[in-house]
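J.: Quick one, fold the following:
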Amino acid sequence: MTAAPDINVTRLQRSKLNEMSLENVPFGKYFSDHMLEADYENGEWKNVEIKPYQPLLFEPSLAAFHYGQAIFEGIKAYKNQEGEAFIFRPQDNFRRFNISAERMCMPTVPEEIFMEGMRKLVELDKNWIPGRKDHSLYIRPVMFSTDCILGVKPSDSYKFLIILSPTGPYYAEPMKIYVEEKYTRAAPGGVGFSKNAGNYGGSMIAAREARKLGYDQVLWTDAFEHKWLQEVGMMNVFFVINDIAITPSLDEGTILNGVTRDTAITLLLEMGLKVEERRISIDELISAYQKGELKEAFGSGTAATVAMIKELLYKDVLMHFDTSLFKVAGELKTRLNAIRYGLVPDTHHWMYKV
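T.: Numbers count the residues shown, from 1 in each chain. Prediction:
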């Protein structure tokens, strides 16, 4: 990391925490006292500051509104047993953020702004980190184009923000999942591997239709045959067949390289399971289920951490799982939480001290 930037800090005089509780907070509804803001203009980053959380003012011709140059990340901060604040694997999110930026023809954000700005912001608002089990402080870096001119081309100016949101569990209960055959999330050569806003906007109609059928989310399939499995909702997905944990491969560029996914693979190997990153079809999954070999299914992601799947529906085939018998997903979540909350030594150096 190069020298830390001169980050001007303007503090809120009276914390909003005085008027609210961090007990049972829903995901993404409340925001902390401060935010980080920086501008990219004339080929350089400038105006890096931390200030009270506030609205932004833009012209109707803002390029991001019209052409979708917008990316973001999801990161979490936790408190250990001594009340110290740590951020989980932010370096990995920083690298992925800039991979998304390059794919979307946007400037990369320097490490000293992303990392040091995040650290200072979380340090300032660390009292917003809930102390309850399965709670954390969600960190949302976002960048979008700010040219005010119409025309399909990469913008010359951009704004980078980091905002913070105290949060509880994303999925409090095991999920019911509908296997999607009509809509497509990503195709080879597209932007499925990047965390850009359009990926999420384009996924909403499938999720809405699944909810009408009584399901929580969809399991995405490939764009051509609609049989090769990709992600579940906004998460990576794992299937335990016999004693092997299988997760779809990243090779085609259609799946987000999840930080929690990578963490899960490491911990699953430490738990003694064999892990395979490869193509897996819905046909193979159904066959394994019918043979009694498909033991568990779960999603992994920053927001949800580890979310168990209790039901999968594909056409007229219903796969039901008794999640109370899940051993792998439960142990994985326990191990992951133990590291995040400082209950065991951080042998992988995943926790970044604020």
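
J.: Show me the domain layout of this structure.
T.: Domain segmentation of the chain under automatic domain parsing yields 8-169, 175-340.

J.: Quick check: which of the ones you listed is nearest to Asp346?
T.: Counting by C-beta to C-beta, Asp346 lies closest to domain 175-340 out of the domains of the chain; the figure is 5.8 Å. Just so you know, the C-beta spots here come from the backbone N, C-alpha and C atoms, and that holds for glycine as well.

J.: before we move on, the earlier item: so can I have TSV of the domains of the chain showing mean pLDDT?
T.: Converted to TSV, those look like this (pLDDT from 0 to 100):
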stretch	mean pLDDT
domain 8-169	96
domain 175-340	96
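
J.: Out of these, flag the one nearest Met351.
T.: Using C-beta to C-beta, the nearest of those to Met351 is domain 8-169, at 4.1 Å.

J.: what's Leu75 in contact with, if anything?
T.: For residue 75 the amino acid is Ile, not Leu. Applying C-beta atoms under 8 Å, 6 or more residues apart in numbering, we find Ile75 in contact with 87-90, 93, 118, 138-141, 302.

J.: And Lys133, by the same measure?
T.: Contacts of Lys133 (C-beta under 8 Å, 6+ apart): Asn337.

J.: looking at this, it is in a helix?
T.: No - counting by DSSP: H, G, I helix; E, B strand; the rest coil, Lys133 falls outside a helix, being coil.

J.: between the domains of the chain, which one is nearest to Val354?
T.: Closest among these, using C-beta to C-beta: domain 8-169, at 4.0 Å.

J.: Now render the contacts of Ile75 as TSV, adding secondary structure, neighbour count and distance to Gln13.
T.: Formatted as TSV, these follow (DSSP: H, G, I helix; E, B strand; the rest coil; neighbours: other C-beta atoms under 10 Å; distance: C-beta to C-beta, whole Å):
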residue	secondary structure	neighbour count	distance to Gln13
Ile87	strand	24	26
Phe88	strand	24	31
Arg89	coil	20	34
Pro90	helix	25	29
Asn93	helix	23	31
Met118	helix	24	23
Tyr138	strand	22	25
Ile139	strand	23	24
Arg140	strand	16	24
Pro141	strand	25	26
Thr302	coil	21	32
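
J.: still on that earlier bit, which one of the domains of the chain lies closest to His349?
T.: That would be domain 8-169 among the domains of the chain, by C-beta to C-beta, at 9.3 Å.

J.: Confirm for me that Val142 is in contact with Gly74.
T.: No - assessed by C-beta atoms under 8 Å, Val142 is found out of contact with Gly74, at 10.2 Å.

J.: how about the strands in the stretch 1-150 of the chain?
T.: Listed in chain order, the strands of the stretch 1-150 of the chain (DSSP state E, counting those that start in this stretch) span 8-9, 34-41, 44-52, 70-72, 75-79, 85-88, 136-145.
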